[in-house]
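> Predicted model and sequence follow; I will ask about them next.
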Amino acid sequence: MPKSSNQDSPSSATQSTRRSSSSWPLNILFFSILLPVAAAVVLYQLDSFDPAPLPLHELSEQVAAAPSRNAHMLKGSEFLGVGALARPEDVAYDSKSGLIYTGCADGWIKRVKLNESAADSVVENWVNTGGRPFGLAHGHNGELLVADGEKGLLRIDEDRAVELLTDEAEGVKFKLTDCVDIAKDGMIYFTDASYKNSVEDFIWEFLEGRPHGRLLSYNPSTKETKVLVRDLYFANGVAISPDQNYVIFCETFMKRCRKYYLQGEKKGSIENFIDNLPGSPDNIRYDGEGHYWIAIPMGTSAILNKALGYRFIRKGMAIVEKYIVSRPYKEKNSGVMAVNLEGEPTAHYSDPDLSLITSGIKIGNYLYCGSVLYPYIIRLDLEQHPAHTTK
């Protein structure tokens, strides 16, 4: 009986199987590599986001390094207020009451009573600003000054009454009021990190690379808000010098802190205080003992350095931020650097597993750190876990 013409021979079936099998690697290559790459290239070309170059030529060539280092500060750290503090960004100490004040992501400014045991520290809800309190400074009459990222510059009196002092300058509203300090004469100095991007969109300030930050002053007597320095790359921490001659302010995305002279022959001029820090600075606080403590939310990394130097990398990061939920990078090596009155680093405390430390202050023998990530304040005993001389 003759074979049907529709029936394949064993050899033809084997050849068909081989052809099908050999096509699988090509399919995998196309769908897993070539197609996503092609889509990314098209997306990059079509996206209108256009980052600007940063003036990195203004920075010193050598990265600022401290002669003493504790690169594993988490090993000796304690945690205060665990679970009761929602990302406590700044840490302000009131020596009269022995209380730490800190602003949290839920709008609460909380007070922490210090004890020898971190576990025995008591957390109290003090005032809710209804915004996002960042920088804090104690006034001369028991009041607390608050740089609220959403509300503006606030004053809270001892009766817990909240007063808005200012939320604009030169007709331009603040978008991210960040840090604050007060001089002995009562003048208030503060920063608006950006007049363009809000708290939720701060990452775009970095990715865009354009200066929207300002250093400002507020006169409580005349109620005048004045812009002292404009065109800053994310204006952040503020600290008035002990002699009241100048105010130091941090530019986060330029990895530097600068000083603006308040009086004398240099009044109104700007000089570098310290630059090319080993990361991006946030808050800066003076400890009353001859040192400023500069918080570094993210240490220097290859991706950060390349992003700062190359616009196309920041555009790529912007596309990831827009279209991909999870970032492929993480802030690491965060910590705090101590700097003397001349702007010279003296000690550096950090840890490869620390992220987004935004404030640090030495109180007694302890270093206290706030952050926009952790649900507690970090405390390190500087005598038991000191920074050691580096070779």
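Alright, I've got the coordinates. Residues are numbered from 1 along each chain as shown.
> For the top strand by length along the chain, name the packing helices and strands.
Counting by DSSP state E, the longest strand found in the chain is strand 224-232. Packing partners of strand 224-232 (3 or more C-beta pairs under 8 Å, 6 or more residues apart in numbering; DSSP states H and E): strand 168-169, strand 213-219, strand 246-251. (Glycine included, C-beta is placed from N, CA and C.)
> Between the ones you listed, which one is closest to Met337.
Comparing the helices and strands packed on strand 224-232 by their distance to Met337 (C-beta to C-beta), the top pick is strand 246-251, with 11.5 Å.
> pLDDT (mean, whole number) over the closest one?
Averaging pLDDT along strand 246-251 gives 98.
> Give the other helices and strands that it contacts.
Strand 246-251 is packed against strand 213-219, strand 224-232, strand 235-240, strand 256-261, with contacts defined by 3+ C-beta pairs under 8 Å, 6+ apart.
> avg pLDDT for stretch 61-72?
Taken as a whole, stretch 61-72 has an average pLDDT of 95.
> tell me which residues in that stretch are buried?
Neighbour counts using 16 or more other C-beta atoms under 10 Å place 64, 66, 69-71 of stretch 61-72 among the buried residues.
> do the same with stretch 150-169
Result for stretch 150-169 [16+ other C-beta under 10 Å]: buried residues 150-156, 162, 165-167, 169.
> Would you point out the most distant pair within those?
Put simply, by C-beta to C-beta the two of the buried residues of stretch 150-169 set farthest apart are Ile156 and Ala169, 21.2 Å from each other.
> Show me which helix or strand of this protein is least confident by mean pLDDT.
helix 10-29 (a mean of 50; mean pLDDT, DSSP states H and E).
> Give the closest residue to Gly288 in space, chain neighbours not counted.
Sequence neighbours aside, Pro242 is the residue nearest to Gly288 in space, at 7.8 Å (criterion: C-beta to C-beta, 6 or more residues apart in numbering).
> thought that neighbour was touching Tyr286?
Yes - in terms of C-beta atoms under 8 Å, Pro242 counts as a neighbour of Tyr286; the distance is 6.6 Å.
> who has more neighbours, those two?
Neighbours were counted for Pro242 and for Tyr286 using other C-beta atoms under 10 Å; Tyr286 has more, 18 against 11.
> Distance of the more buried one relative to Lys223?
Going from Tyr286 to Lys223 by C-beta to C-beta, to the nearest Å gives 27 Å.
> can you check Asp157 too?
Per C-beta to C-beta, Asp157 is found 16 Å from Lys223.
> next one: Pro352
Using C-beta to C-beta, Pro352 is found at 47 Å from Lys223.
> Those two: which has the busier surroundings?
Set Pro352 next to Lys223 and count neighbours by other C-beta under 10 Å: Pro352 wins out with 13 against 9.
> To Gly76, which of the helices and strands packed on strand 246-251 lies closest?
Nearest of these to Gly76, taken as C-beta to C-beta: strand 235-240 at 25.2 Å.
> Let me know the secondary structure of Glu321.
Three-state assignment for Glu321 (DSSP: H, G, I helix; E, B strand; the rest coil): helix.
> Same list (the helices and strands packed on strand 246-251) but as JSON lines, adding mean neighbour count, mean pLDDT and distance to Tyr310.
Formatted as JSON lines, the helices and strands packed on strand 246-251 follow (neighbours: other C-beta atoms under 10 Å; pLDDT from 0 to 100; distance: least, C-beta to C-beta, whole Å):
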{"stretch": "strand 213-219", "mean neighbour count": "22", "mean pLDDT": "98", "distance to Tyr310": "22"}
{"stretch": "strand 224-232", "mean neighbour count": "16", "mean pLDDT": "98", "distance to Tyr310": "22"}
{"stretch": "strand 235-240", "mean neighbour count": "26", "mean pLDDT": "98", "distance to Tyr310": "23"}
{"stretch": "strand 256-261", "mean neighbour count": "21", "mean pLDDT": "98", "distance to Tyr310": "19"}
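> can you tell which of those strands is closest to Asp106?
The closest of these to Asp106 is strand 235-240. By C-beta to C-beta, the value is 21.9 Å.
> Which neighbouring elements make contact with that closest one?
Counting contacts by 3+ C-beta pairs under 8 Å, 6+ apart, strand 235-240 packs against strand 177-182, strand 188-192, strand 213-219, strand 246-251, strand 284-286, strand 291-296.
> Now do that strand and strand 224-232, the angle between them.
Computed by axes from the mean of the first three to the mean of the last three C-alpha atoms, to 10 degrees, the angle separating strand 235-240 from strand 224-232 equals 130 degrees.
> what sits up against strand 235-240?
For strand 235-240, the external contacting residues (C-beta atoms under 8 Å, 6 or more residues apart in numbering) are 135, 178-183, 189-193, 213-215, 229, 246-252, 257, 262, 281-286, 292, 294-295.
> Apply 7 Å and report the result again.
Strand 235-240 has contacts (C-beta atoms under 7 Å, 6 or more residues apart in numbering) with 178-181, 183, 189-193, 213-215, 247-252, 281-286, 292.
> now it, how far from the centre of its chain.
The chain centre lies 13 Å from the centre of strand 235-240; the measure is C-alpha atoms, centre = their mean, to the nearest Å.
> repeat for stretch 62-76
Relative to its chain's centre, stretch 62-76 lies at 18 Å (C-alpha atoms, centre = their mean).
> Stretch 214-234 too?
21 Å.
> Straight-line length of it, end to end?
In terms of C-alpha to C-alpha, to the nearest Å, the two terminal residues of stretch 214-234 are separated by 8 Å.
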